[in-house]
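*Asks:* Using only what follows, build the 3D model:
(one chain, ligands or ions: 1)
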Amino acid sequence: MTYRNTALWLPKPGAPFEVGPAPYTPPAAGEVVVRVRAVAVNPIDDLPGPLYRLALPWLAFPAVVGSDVAGEVVETGPGVTRLRPGDRVLGHAFGVDRSRNRPAESAFQHYAVLLEHMVCPVPESMPLYRAAVLPLALSTAATGLFQPDHLGLALPGPDPADRGETVLVWGGSTSVGSNAVQLARSAGYRVLATSSPHNFDRLRALGAAHAVDRTSPTAVPELLELIGAGPLAGILAIGAGSLRPAVRVAARAPGGRRIASARPALFTRVPGWLARRHGVRVSSIWGGTLKDNEVGPAVYTGFLPAALAAGAYRAAPDATVVGHGLAAVPEALRELKKGVSAQKLVVTL
Ligand SMILES: NC(=O)c1ccc[n+]([C@@H]2O[C@H](COP(=O)([O-])OP(=O)(O)OC[C@H]3O[C@@H](n4cnc5c(N)ncnc54)[C@H](OP(=O)(O)O)[C@@H]3O)[C@@H](O)[C@H]2O)c1
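*Replies:* Residues are numbered from 1 along each chain as shown. Next up is the predicted model:
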């Protein structure tokens, strides 16, 4: 089967995006093709030219970028039995990932090739524009929380045992943080989170036991007081400047002295080296690595489908639809640069 495809092309780093024809790529073994109905935008989709070369030096141009997809399956590759044409799904698109690196697998086009084990059915009650907020942020949070080279926490499940341990999510109202709070709670951990005060209710609704103002000069002692005798299972540090207070908490709290940072390794190398003097281990997350180990399928096929269907997992943060059609994506990326609070910008296709 073949379909007429259109993509949002990035001719070279820093150049304006262009809408144009793209080949339709049929699915190989373990892949599905999805008619994309909604995409969300992320900072990595629109880096200034030189930063593209630093962050994604392998990326071939012209490129198609974008990670967050929601749509309908149109074709399944050999060996795919869990999904069928017509299924409404969300999925993490890996076109810019080093190990995939091909335009066919990115989000900003009408037909995207996705890895079957990184796709999750979307319940009928959830509009696709809302489902699109999840993939990259979910993957990044799950990588940091569950991969053994990061915090190595127990995986989430439908009826988690209370583990008697605390997880701190610094930057809980970010997209990554909204998923981290829910995932850690679904894995049985007590969750503390930081944000601006106007987002405290949101954090509690997602499962945080307590929320602390990330800008307060007393945030670190407040968190240590809340952790108490602990133990602290680990910290997910999200956002610029999050590592410094996270190290102060990890160095003084009882328990595992591990921090997984959502900042690129470029920014964590020196603070991570300094943290080691306090016995704290810092690792830097690449939100795509879970596709190559047990964490990706455990989250996308084991945990999330039932959790979404039961209403036990929310598509957070809330989606704000900023336009329709591929030509609206660059405008969404410009809006994102102005800054958002507890919302994810989405374009429908
Ligand atoms: N490593 C990876 O693979 C990967 C993947 C995706 C994202 N990221 C990174 O993760 C971070 C969050 O991305 P996102 O898309 O989740 O963000 P987002 O949804 O755009 O985050 C918006 C929120 O960020 C909070 N915020 C602003 N500055 C902050 C700071 N200095 N510290 C903590 N929170 C801050 C604000 O919360 P309040 O209004 O409550 O203050 C706002 O609600 C970014 O640095 C991004 O580059 C990394």
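*Asks:* residue of this structure with the smallest distance to the ligand?
*Replies:* Closest residue of the chain to the ligand, CB to the nearest ligand atom: Gly239 (2.2 Å). For every residue, glycine as well, the C-beta is placed using N, CA and C.
*Asks:* Could you list every helix and strand in contact with the lowest-mean-pLDDT helix or strand in the chain?
*Replies:* For the chain, the helix or strand with the lowest mean confidence is helix 49-55, at a mean of 85 (criterion: mean pLDDT, DSSP states H and E). Applying 3 or more CB pairs under 8 Å, 6 or more residues apart in numbering; DSSP states H and E, we find helix 49-55 packed against no helix or strand.
*Asks:* how about that helix against the ligand, any contact?
*Replies:* No. With CB under 6 Å from any ligand atom as the criterion, the ligand is not reached by helix 49-55; the gap is at least 9.6 Å.
*Asks:* From the chain's centroid, how far away is that helix?
*Replies:* Remark: helix 49-55 is offset 20 Å from the chain centroid, using CA atoms, centre = their mean, to the nearest Å.
*Asks:* For the stretch 151-300 of the chain, what lies in contact range of the ligand?
*Replies:* 171, 173-176, 195-196, 199, 214, 238-242, 262, 285-287.
*Asks:* mind listing what the residue nearest the centre of the chain touches?
*Replies:* In the chain, the residue lying closest to the centroid (CA atoms, centre = their mean) is Ala137, at 1.5 Å. Ala137 makes contact with Thr174, Ser175, Val176, Ser178, Asn179, Lys344 under the criterion CB atoms under 8 Å, 6 or more residues apart in numbering.
*Asks:* what's the neighbour count on Pro148?
*Replies:* When neighbours are defined as other CB atoms under 10 Å, Pro148 has 10 of them.
*Asks:* Give me the three-state assignment for it.
*Replies:* coil (DSSP: H, G, I helix; E, B strand; the rest coil).
*Asks:* circling back to that earlier point, only the buried subset of the residues of the stretch 151-300 of the chain next to the ligand, as a PyMOL command please.
*Replies:* In PyMOL, this line selects whichever of those come out buried by 16 or more other CB atoms under 10 Å:
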select buried, resi 171+173+174+175+176+195+199+214+238+239+242+262+285+287
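*Asks:* so of the residues of the stretch 151-300 of the chain next to the ligand, which ones are in helices?
*Replies:* Using DSSP state H, the subset of these located in helices is Ser175, Val176.
*Asks:* Which parts of the protein are helices?
*Replies:* Going by DSSP H, the chain shows helices at 49-55, 128-131, 135-146, 175-186, 200-206, 219-227, 243-252, 265-276, 295-297, 304-309, 329-338.
*Asks:* Of those, which is nearest Pro62?
*Replies:* Pro62 lies closest, by CB to CB, to one member of the helices of the chain: helix 49-55, at 12.5 Å.
*Asks:* quick one: buried residues of that closest one?
*Replies:* Buried residues in helix 49-55 (16+ other CB under 10 Å): Tyr52.
*Asks:* if we can go back for a sec, next, the contact list for the residue of the chain closest to the ligand, please.
*Replies:* Contacts of Gly239 were listed using CB under 8 Å, 6+ apart, and they are Trp170, Gly171, Thr174, Arg214, Ala262.
*Asks:* Now with 7 Å, please.
*Replies:* Gly171, Thr174 (CB atoms under 7 Å, 6 or more residues apart in numbering).
*Asks:* what's the spacing between the nearest residue to Thr194 once chain neighbours are set aside and Pro121?
*Replies:* Spatially, and ignoring its direct neighbours in sequence, Thr194 is nearest to Arg214 (3.8 Å; CB to CB, 6 or more residues apart in numbering). Applying CB to CB, to the nearest Å, the value for Arg214 to Pro121 is 35 Å.
*Asks:* just Val69 next, same as before
*Replies:* For Val69, the distance to Pro121 - CB to CB - is 13 Å.
*Asks:* More neighbours: which of these two?
*Replies:* Higher neighbour count among Val69 and Pro121: Val69, with 33 against 20, using other CB under 10 Å.
*Asks:* Asp97 touches Gly287, doesn't it?
*Replies:* No. If you go by CB atoms under 7 Å, Asp97 and Gly287 don't touch, sitting 9.3 Å apart.
*Asks:* Overlap of the contact sets of these two?
*Replies:* With CB under 7 Å, 6+ apart, Asp97 and Gly287 have no common neighbours.
*Asks:* Could I get the contacting residues of the residue nearest to the residue nearest to the centre of the chain when sequence neighbours are not counted?
*Replies:* Distance criterion CB to CB, 6+ apart; nearest residue to Ala137, sequence neighbours excluded, is Ser175 at 3.7 Å. Counting by CB under 7 Å, 6+ apart, Ser175 makes contact with Val133, Ala137, Pro317, Lys344.
*Asks:* one step back: of the contacts of Ala137, which is the nearest to Leu83?
*Replies:* Asn179 (22.1 Å).
*Asks:* Please look at that closest one and Thr143 and confirm they touch.
*Replies:* No. Between Asn179 and Thr143 there is no contact under CB under 7 Å: 10.7 Å.
*Asks:* And these two? Which one has more around it.
*Replies:* Per other CB under 10 Å, whichever of Asn179 and Thr143 has more neighbours is Asn179, with 32 against 28.
*Asks:* Return the residues in contact with that one.
*Replies:* Here Asn179 is in contact with Ala137, Leu138, Ala141 (criterion: CB under 7 Å, 6+ apart).
*Asks:* Many thanks, have a good one.
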